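> requesting a structural model of the entry that follows:
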Amino acid sequence: MSNTVIEFNNVGKQYILGTIGTGTLSQDLNRWWANIRGKEDPYLKIGETNDRTQKGDSRFVWALRDINFKVDQGDVVGIVGKNGAGKSTLLKILSRVTSPTTGDIKIKGRIASLLEVGTGFHPEMTGRENIFMNGSIMGMTKAEIKSKLDEIVEFAGVAKYVDTPVKRYSSGMMVRLGFAIAAHLEPEILVVDEVLAVGDAEFQKKAIGKMQDVSKGEGRTVLFVSHNMAAVRSLCTRGVLLKNGTIDFLGNIPDTLNHYLNDNEEKQDNLIINNIKWKKSTIHINNIEINNSKESYSLIKNGQEYLDVLIEGESEEDLVFDIMMVLKSKEGIPFATYAKGHYMGDIQHAPKGSFSIRRQIKLPRIMTKGILNVDLSIHHPMVEFYFSAPGCCILESEGFQEGFGRTMNQDSCGFIGLDDNNNLK
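Got it, this is the predicted structure:
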């Protein structure tokens, strides 16, 4: 017996910009006449891709098109993509807030949705009354709701205001109460849009923990939309990447996020030297190369142990220098720093005039598959920086050598441990 609880079959959603209906009486009559004859809507064959960055010529826009995938019971699915990719539209169709233009969705079980701040709340009703109203809409009895009431109020942290009309709640309080209701009233499927970003850090941690309990401990299904890549990575087991209203990638979370984050990068279209953000007025940098390439993208091949860094330029003063390189995860979390001179006392000197600095930097014993950002600088340790180029280069690792050194050695220095999913240990 299949354990599939959600199945999207050729789901599409078309909108007409700036109008209600098709915009003209003749088009509305054509659509009505096709419908009563059981024919396809004649206006579904026209329309543009939902690319918000391009000005279009057609008023017909596909917010979603040809969406096909299945979700099994207990899956925690992270739905990611740029603003306007169709994520919220997909969840609204799933939650029956709007209907699809084409295709259908098969759902097995009750759905609790948290799509926007205040969704499902009546502003004149108190928090307590809204809890009972939402539970009743989900088909629960008064006794079932009452048994969960104290737990919901405690989780939301609104005990003092539970008998106050929700119109007097802050947006954060409404999100806390809305999430508590959705998560505690035992839905088989929990749908959560980007609303958790409104809550404070403590509540976000509680909410993510609750979603993990719901999925792993209780075997329920969660669909989670967020731009917080760390939260998606830690919570979700599967990923769906939407791009311009279509599915661009479908797979496990590490591969989905790497695909999404890779797509945001402009590879090999600029030089490392162009990414210098600051430099001292007395020096001029002529060339920067990593692995004998001037491009701001470099592939770390399987088994590669070192990065070769070359910096060339001219200086109006004597330099006492060292190279500092910081490797960061795609989410901006630093996990390896190279600064040999700072830690080992290996400071180098260069007289004024032309200089050429070359160093081999030993890579940390991790290199899980994925994207790394590089911050590069030359500095006189503990005195001053000569130049700084944060995010100057993107390294893409093919992945090799399991395990990770946490200690410093003579070739490279301090590391912060990461697990196999690039999360901090």
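> buried set for stretch 183-198?
183-196, 198 (16 or more other C-beta atoms under 10 Å). Backbone N, C-alpha and C define where each C-beta goes, glycine included.
> dump that stretch to PDB, keeping only the CA atoms.
The C-alpha trace of stretch 183-198 is given here as PDB (Å, rounded to 0.1, in the frame of the first residue of the first chain):
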ATOM      1  CA  ALA A 183       1.000  22.300  15.100                       C
ATOM      2  CA  HIS A 184      -1.000  21.100  18.200                       C
ATOM      3  CA  LEU A 185      -4.400  20.300  16.700                       C
ATOM      4  CA  GLU A 186      -3.000  17.100  15.200                       C
ATOM      5  CA  PRO A 187      -3.200  17.600  11.400                       C
ATOM      6  CA  GLU A 188      -1.800  14.900   9.200                       C
ATOM      7  CA  ILE A 189      -0.100  17.600   7.000                       C
ATOM      8  CA  LEU A 190       1.400  20.800   8.300                       C
ATOM      9  CA  VAL A 191       2.000  23.600   5.800                       C
ATOM     10  CA  VAL A 192       4.200  26.500   6.900                       C
ATOM     11  CA  ASP A 193       5.100  29.500   4.800                       C
ATOM     12  CA  GLU A 194       7.800  32.100   5.600                       C
ATOM     13  CA  VAL A 195       5.900  33.400   8.600                       C
ATOM     14  CA  LEU A 196       8.400  32.100  11.100                       C
ATOM     15  CA  ALA A 197      10.700  34.900  10.100                       C
ATOM     16  CA  VAL A 198       8.400  37.300  12.100                       C
END
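> check the offset of stretch 225-237 from the chain's centre.
6 Å (C-alpha atoms, centre = their mean, to the nearest Å).
> that stretch: end-to-end distance?
13 Å (C-alpha to C-alpha, to the nearest Å).
> please begin residue numbering at 44 from this point
Yep, numbering from 44; the last one is stretch 268-280 now.
> please work out the average pLDDT along it.
Averaged across stretch 268-280, the pLDDT comes to 80.
> show me the buried residues of stretch 226-241 that map onto helices.
Ala226, His227 (DSSP state H).
> most widely separated two among the buried residues of stretch 226-241?
Glu231 and Val241 (25.6 Å; C-beta to C-beta).
> between the buried residues of stretch 226-241, which sits nearest Lys191?
His227 (5.1 Å).
> tell me the contacts of that closest one?
Lys191, Glu194, Ile195, Phe198 (C-beta atoms under 8 Å, 6 or more residues apart in numbering).
> one more time with 6 Å
Going by C-beta atoms under 6 Å, 6 or more residues apart in numbering, His227 touches Lys191, Glu194, Ile195.
> got any ranges where the stretch 294-443 of the chain has weak pLDDT?
For the stretch 294-443 of the chain, the stretches with pLDDT under 70 are 305-313, 345, 373-374, 383-389, 407-413, 441-443.
> how about the helices in it?
Secondary structure of the stretch 294-443 of the chain (DSSP state H, counting those that start in this stretch): helices located at 296-306, 383-387.
> about what we covered before: buried subset of the contacts of His227, written for PyMOL?
Burial among these is assessed by 16+ other C-beta under 10 Å; the matching PyMOL selection reads:
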select buried, resi 191+195
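> among the contacts of His227, which are located in helices?
Lys191, Glu194, Ile195.
> could you export the residues you listed as a markdown table, including pLDDT and distance to Lys185?
Listed next are the ones in helices among the contacts of His227 as a markdown table, based on pLDDT from 0 to 100; distance: C-beta to C-beta, whole Å:
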| residue | pLDDT | distance to Lys185 |
| --- | --- | --- |
| Lys191 | 88 | 11 |
| Glu194 | 89 | 16 |
| Ile195 | 89 | 14 |
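> that older thread, among the buried residues of stretch 226-241, which are located in strands?
Ile232, Leu233, Val234, Val235 (DSSP state E).
> what's the closest of the residues you listed to Asn329?
Val235 (51.2 Å).
> tell me how far Ser431 lies from Ile319.
Distance, Ser431 to Ile319, by C-beta to C-beta, to the nearest Å: 7 Å.
> before we move on, the earlier item: nearest to Met183, of the buried residues of stretch 226-241?
Leu228 (6.0 Å).
> contact partners for the closest one?
Applying C-beta under 6 Å, 6+ apart, the residues near Leu228 are Gly178, Met181.
> rerun that using 10 Å as the cut-off
153, 155, 174, 177-178, 180-183, 187-188, 191, 195 (C-beta atoms under 10 Å, 6 or more residues apart in numbering).
> quick one: residues contacting Ile326.
Ile326 neighbours (C-beta under 10 Å, 6+ apart): Gly356, Glu357, Ser358, Glu359, Glu360, Leu362, Phe364, Lys395, Phe398, Ile421, Tyr429, Phe430.
> need those in JSON lines (columns: distance to Arg139).
Formatted as JSON lines, the contacts of Ile326 follow (distance: C-beta to C-beta, whole Å):
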{"residue": "Gly356", "distance to Arg139": "62"}
{"residue": "Glu357", "distance to Arg139": "67"}
{"residue": "Ser358", "distance to Arg139": "67"}
{"residue": "Glu359", "distance to Arg139": "69"}
{"residue": "Glu360", "distance to Arg139": "70"}
{"residue": "Leu362", "distance to Arg139": "66"}
{"residue": "Phe364", "distance to Arg139": "63"}
{"residue": "Lys395", "distance to Arg139": "72"}
{"residue": "Phe398", "distance to Arg139": "67"}
{"residue": "Ile421", "distance to Arg139": "59"}
{"residue": "Tyr429", "distance to Arg139": "60"}
{"residue": "Phe430", "distance to Arg139": "56"}
